[in-house]
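Asks: sequence-free structure coming up:
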């Protein structure tokens, strides 16, 4: 059962990582077009700043949380990790998952609550282009909830080698 959940989550993480990669490409194109328009034609691309800040950056950060954890790609301080892992064995990985859950579970709750509230309110930005703000609030809960599921699976049964199989 846990193996199937991990495999399903890995597929979801792959889709989320592809969306995050696409958002990075779109962010690069948007910023480049804005800079070219601003300095070559004295006409910046309207909405480029909003698209980057409201959508692309949020997607790039939060959609990769769970996949980065699964692949052991997060930056971490490993000063005592080797010693603790030898002393505690798999309990060490469970303690890490529990500590991370203590931080990310309330964040997931608050982000989901805020996202639903914004989605129902259909908030828009002010300005020449009215961007739907509520769309920028969906990426954080999606990413954090995927991480919470990944951490819960790690708490139930830590991966054998400390990271997911490629």
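Replies: That came through, no problem. In this text, all values refer to a predicted model and were calculated from it rather than measured experimentally.
Asks: count residues in the vicinity of the closest residue to residue 132 other than its chain neighbours, would you?
Replies: Of all residues not flanking residue 132 in the chain, residue 124 sits nearest, at 5.9 Å (CB to CB, 6 or more residues apart in numbering). All C-beta atoms are positioned from the backbone trio N, CA, C, and that covers glycine. Using other CB atoms under 10 Å, residue 124 has 12 neighbouring residues.
Asks: any idea how far residue 124 lies from residue 79?
Replies: According to CB to CB, to the nearest Å, residue 124 and residue 79 sit 47 Å apart.
Asks: contacting residues for residue 64?
Replies: Applying CB atoms under 8 Å, 6 or more residues apart in numbering, we find residue 64 in contact with 16, 17, 20, 143.
Asks: any idea which residue is closest to the centre of this structure?
Replies: residue 62 (1.8 Å; CA atoms, centre = their mean).
Asks: quick one, longest helix in this structure?
Replies: The longest helix of the chain (DSSP state H) is helix 2-40.
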